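Student: A predicted structure for the sequence below; I have some questions about it.
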Amino acid sequence: MTTNIKYTFKDFASDQDVRWCPGCDDYVILRSIQKALPEIGRKKEDIVFISGIGCSSRFPYYMDNYGIHGIHGRAAAIATGTKLANPDLSVWVASGDGDAMAIGGNHFIHAIRRNINLNYILFNNEIYGLTKGQFSPTSLLGQKTKSSPYGNVQAPFNPGELAIGAHAKFFARAAGNDAKLQTKLYIEADKHKGFALVEILQNCVIFNDGAYKDITDKSVKDDAQLVVEHGKPMIFGKNKDKGLILDGMKLKPVTIGENGITEADILVHDAKEPDPTLHLALINMKAPVVMGVIRAVEDSTLEDREAEADRIARETNKIQSFEELLFSGQTYEVD
Amino acid sequence: MSTKALQKDTKTLDHVVIRFAGDSGDGMQLTGTQFSTSAALLGNDVATFPNYPAEIRAPQGSLYGVSGFQVNIGHTEVSTPGDELDLLVAMNPAALKTNINDLKPGHMVIVDSDAFTRSNLQKAKYDSNPLEDGSLSHYNVIPVPMTSLTREALKDTGLDSKSMTRSKNMFALGMLYWLFSKDPKYTIEFLRKKFKNKPEIVEANIKALKAGYHFADTLELMPTHYIVDPAKKAKGTYRIIMGNQATAWGFMAAAKKAGLELFLGSYPITPATDILHELVKWRHLDVTAFQAEDEIAGISSAIGASFAGKLAITTTSGPGLALKGEALGLAVMLEIPLVVVDVQRGGPSTGLPTKTEQSDLMQAMYGRNGESPVIVIAAKSPADSYDMAFMAAKLTLEHMTPVILLTDGYIGNGSEPWRIKTLDEMPEIKTYRITEYIEDFHPYKRHPETLARPWAIPGTPGLEHVIGGLEKDKIEGTVSYDPLNHQEMVELRAEKVRKVKDFIPPLEAEFDQEGDLLVVGWGGTYGSLKTAVKRFREENPEYKVGLAHFSYINPLPHGIDDIFSKYDKILVPELNKGQFADFLRMNYPKYTYYKYDKIQGLPFGTEELMEQFKKLLKAE
């Protein structure tokens, strides 16, 4: 239910001390959510945050909503039960790269496949923080960590690519230090009917500091990031003079004004295209790294399909009450 | 000999154990179910048990492809499907070979002699035809060319030969109806309903059924005609119910009684899946049954649903309970209502998926990290599963702590008559559910009597709170690493479970209330133990023997000392290595517990139990 109450971000902050390391991007994520929620306009008692285990998963404690700090990897499964039990709730999951894609990989892909209406924030710092610095399923090949002193030998997932493989209908991405874009994406994710995955490239200041600095530092971010918007040309760069074109089957960054390229040649972003081919190409781009709502395709949700099955059951069953069930079929009297 | 003369030659029996055995494709489950349903509808007490291979479609005629269905029909109370057979129906050599040893010597085995071809004999690893080589001379063998007689009876139906042959199970069933003086009308009704869109199949099956009935009527080889008179049972409306179905319905009843909706999170696993199958049908009766991606998601989704205010359950068998362990620990910490049903099967690992065992007791008690007590209760028969599922739900809701309900493959797949219990007959269920704002809300402030915490549901304004797996402050439920708080919380959670003792019925003894021997059991062995104690006392009146059966295991009920102290010896027969005997020894160390363990994937037989009673009574 929407509300007429005018909340501010403070209404969503709990009285618990926030215990993340100073300088962690998690603070930005927390504040961005707390800023998005008043705009989303849901009653705070109808909002539930569910998490697993990891630094990211402390999230529910810092929100003044209903919440469960669950067990490692199972947030999506717990949230699925909560949402199925009461589809009127706005259910959010806070998860990390290890929680979502290592121990919780199965629940992650199945929640996406079902298109259940959850908002899933993936804090991707490419490392295990809470256990103090082991490689995660998104750590780079060759990356030296506490559990890979000679370099990581396990190739990483790209979360968006994995999600597309699981038939994701909504995928968005933002830098961990980009509060403004994050707030916008959380609002978009909540608006989207179905499973909405928002990947945050989150810097871990202790165990993987600078993992994204070539993308997120103020000095480079305008040229390193492309923030897409549905219906708008995919233009980026400090001088707004760069863009993407299709070169055969591949996306290619170009400079407007060079080699006869004009703004009209730049691809217009279509987040609503059901065919995920271009979305996947955008997700996999390294330079620039694509941010914003990359994919937002309307489709039936698990709740829609559950409701339809309820209707069929109601309309086709002879048995319409528990009492009728008890006495259905072959019964007999003993006098 | 005329038919009339035959009709006169009837024998009245108290009870009779019959097994139908054939290839997995021969329709033995249907045949057995029809026979037992008709017997029950005509007033007998019945208990049934299907025995089918783990392979879905094993090669035809092979020994491991044999599927069986056993039924015990009685004039007096029947507590088990029986062990030794009074009558065997074997549809092929493999079925004969794998079942003949269970038939009492001198008793009747009816075989489809058409199936005793050289190829089928080879598949059953017979060197010579047992119908001809004299190896069955100590049985009363009735060879009937069922396949060809069925084809002959159906030759005008226009069906192809394969379809005609498929009806031979109805021919066999018709013979049995004659033999036990049962009217086939209920099966005819059933066939008309089941195949209502296939009139040619209905006609063929009814023809085959009648052909079998008339064949038996005129067959000189079948000299006796049996009567098992109706059993005396309490007044009421009855139906035949399977254990897993009763479990499902018990939870539906509890949800209705508590004014809640039911949520099941489950992953398919033998022999528990029928509970899922049952509950998915009734989604329009306030049931959400969610087939999850794995066992862990099954219980995790139930936890999420419980947080949102549903009566949440998850159903599984032993390997699944192992996978659910961590999440169950979370539910212990969260102190939310949750029932886990474990329909036990043979273990360890994949073990014997389609066979029965009671070996998950210790896992149910202790299979989690940390000090993590849960309520553990067990159903004792197919119909009792209704009451115990209801009770599991009542306890979890009224004490805000998870409950494990143990059943097993034997009672889960077995069936018996059940006097239908409507909601009016079930006890009230109170909940701690809060859906409206209250002053002074503290998530972990406990009810003084039960120590249950309030269950405030998302959507309730002003009661927003976060619960989690980290240790919590004893009042506010916020994260607490305080050493003394942790110890207190561990003790509170244990005390909360201990207090349940005051809310469950005390232990009772059946048969002799004091004397030489007390037989102690728990869960699904009740019928076997009761049958054995009853018969033993009839045959050995010099001994005084009692039976104490536990439905409640953690906490143990009141009244144990009062009963245990009144007998010279205590025997604890179990389908495991004596897990309950060890548990009793730990809690009531002053008694000596003799064990009788059976771990064969099979239920207890009456004879073997009586032998154990005698052995122990005679020992110094």
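Tutor: That came through, no problem. Residues are numbered from 1 along each chain as shown, chains lettered A, B, ... in the order given.

Student: Up against chain B, what does the stretch 1-150 of chain A have?
Tutor: With the criterion set to C-beta under 8 Å from any C-beta of the partner chain, the stretch 1-150 of chain A comes near chain B through A:14, A:16, A:43-46, A:48-50, A:53, A:60-61, A:63-71, A:74, A:77-86, A:88-89, A:106-107, A:110. Where C-beta positions appear, they are placed from N, C-alpha and C, glycine not excepted.

Student: Can you show me the strands along the stretch 151-300 of chain B?
Tutor: B:225-228, B:236-242, B:262-266, B:287-291 (DSSP state E, counting those that start in this stretch).

Student: residue ranges with poor pLDDT in chain A?
Tutor: Filtered on pLDDT under 70, chain A yields the residue ranges A:1.

Student: Which parts of the chain belong to which domain?
Tutor: Answering for chain A, as no chain was given. Per automatic domain parsing, the domain ranges recorded for chain A read A:9-216, A:218-287.

Student: meant chain B actually
Tutor: Using automatic domain parsing, the domain parsing of chain B gives B:3-228, B:239-425, B:509-618.

Student: which ones are touching the residue of the stretch 301-450 of chain B found nearest chain A?
Tutor: Proximity of the stretch 301-450 of chain B to chain A (C-beta to the nearest C-beta) peaks at B:G304, 2.8 Å away. The contact partners of B:G304, by C-beta atoms under 8 Å, 6 or more residues apart in numbering or on different chains, come to A:50, A:68, A:77-85.

Student: Recalculate using a threshold of 6 Å.
Tutor: A:78-79, A:81-82 (C-beta atoms under 6 Å, 6 or more residues apart in numbering or on different chains).

Student: Where does it sit, in terms of helix or strand?
Tutor: With elements taken from DSSP states H and E, the one containing B:G304 is helix B:295-307.

Student: List the buried residues for that helix?
Tutor: For helix B:295-307, burial by neighbour count (16 or more other C-beta atoms under 10 Å in any protein chain shown) applies to B:295-307.

Student: swap in stretch A:5-16?
Tutor: For stretch A:5-16, a neighbour-count test (16+ other C-beta under 10 Å) marks A:7, A:9, A:12, A:14 as buried.

Student: quick one: contacts of it?
Tutor: For stretch A:5-16, the surrounding residues in contact (C-beta under 6 Å, 6+ apart) are A:34-35, A:37-38, A:61-64.

Student: Could you identify the most distant pair in these?
Tutor: Pairwise distances among the contacts of stretch A:5-16 were taken by C-beta to C-beta; the largest, 20.2 Å, belongs to A:P38 and A:Y61.

Student: Chain neighbours aside, what residue packs nearest to the residue of chain A most remote from its centre?
Tutor: Distance from the C-alpha centroid of chain A, by C-alpha atoms, centre = their mean, peaks at A:D335 (63.6 Å). Distance criterion C-beta to C-beta, 6 or more residues apart in numbering or on different chains; nearest residue to A:D335, sequence neighbours excluded, is B:K235 at 6.0 Å.

Student: Which among the strands of the stretch 151-300 of chain B is found nearest to B:E542?
Tutor: Comparing the strands of the stretch 151-300 of chain B against B:E542 with C-beta to C-beta, the closest turns out to be strand B:225-228 (30.8 Å).

Student: Quick one: distance of the closest one to the chain centre.
Tutor: Distance of strand B:225-228 from its chain centroid, counting by C-alpha atoms, centre = their mean, to the nearest Å, is 28 Å.

Student: What is the neighbour count of B:K104?
Tutor: The local packing of B:K104 (other C-beta atoms under 10 Å in any protein chain shown) involves 13 other residues.

Student: ok so it is a strand residue?
Tutor: Yes: assessed with DSSP: H, G, I helix; E, B strand; the rest coil, B:K104 lies in a strand.

Student: any idea how far the closest residue to it other than its chain neighbours lies from chain A?
Tutor: Nearest residue to B:K104, sequence neighbours excluded (C-beta to C-beta, 6+ apart): B:E84, at 5.0 Å. B:E84 sits 28 Å away from chain A, going by C-beta to the nearest C-beta, to the nearest Å.

Student: B:E84: neighbour count?
Tutor: By other C-beta under 10 Å, 14 other residues sit near B:E84.

Student: in terms of contact, does it touch B:P105 like I think?
Tutor: No: assessed by C-beta atoms under 6 Å, B:E84 is found out of contact with B:P105, at 9.7 Å.

Student: Now tabulate the contacts of B:G304 in a markdown table and tack on secondary structure and neighbour count.
Tutor: Output for the contacts of B:G304, formatted as a markdown table (DSSP: H, G, I helix; E, B strand; the rest coil; neighbours: other C-beta atoms under 10 Å in any protein chain shown):
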| residue | secondary structure | neighbour count |
| --- | --- | --- |
| A:I78 | helix | 32 |
| A:A79 | helix | 32 |
| A:G81 | helix | 31 |
| A:T82 | helix | 27 |
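
Student: Return the closest of these with respect to B:K615.
Tutor: A:G81 (51.2 Å).

Student: would you list every one of the strands in chain A?
Tutor: Counting by DSSP state E, chain A has strands at residues A:47-51, A:66-69, A:90-96, A:119-124, A:170-175, A:196-201, A:225-228, A:235-236, A:242-247, A:250-255, A:289-296, A:331-334.

Student: ok, the spatially most central residue of chain B to B:L87 distance?
Tutor: In chain B, the residue lying closest to the centroid (C-alpha atoms, centre = their mean) is B:I411, at 1.3 Å. Distance of B:I411 to B:L87, given as C-beta to C-beta, to the nearest Å: 24 Å.

Student: Please go through chain B and pick out the longest helix.
Tutor: Taking DSSP state H as the criterion, chain B has its longest helix at helix B:199-218.

Student: how close does B:D45 sit to chain A?
Tutor: 10 Å.

Student: Same check on B:S528?
Tutor: In terms of C-beta to the nearest C-beta, B:S528 sits 25 Å off from chain A.

Student: my read: that residue touches B:F604, true?
Tutor: Yes: in this structure, B:S528 is within contact of B:F604 by C-beta under 6 Å, at 3.9 Å.

Student: Counting neighbours, what do you get for the residue in the stretch 51-200 of chain B that chain A sits nearest to?
Tutor: Taking C-beta to the nearest C-beta, chain A has its nearest neighbour within the stretch 51-200 of chain B at B:Y186, 7.0 Å off. Neighbourhood size, B:Y186 [other C-beta under 10 Å]: 19.

Student: if we can go back for a sec, so which of the domains of chain A is the most surrounded?
Tutor: domain A:9-216 (a mean of 22; mean count of other C-beta atoms under 10 Å in any protein chain shown).

Student: Write out the residues of chain B neighbouring chain A.
Tutor: Within chain B, the residues that sit near chain A (C-beta under 6 Å from any C-beta of the partner chain) are B:41, B:233, B:235, B:237-239, B:252, B:256, B:263, B:265, B:283-285, B:288, B:290, B:293-294, B:297, B:300-305, B:307-308, B:310, B:326, B:330, B:420, B:458-461, B:464, B:466-469.

Student: Tell me the buried residues within those residues.
Tutor: Of those, these count as buried by 16+ other C-beta under 10 Å: B:41, B:238-239, B:252, B:256, B:263, B:265, B:283-285, B:288, B:290, B:293-294, B:297, B:300-305, B:307-308, B:310, B:326, B:330, B:420, B:458-460, B:464, B:466-469.

Student: Right, I'll call it a day here.
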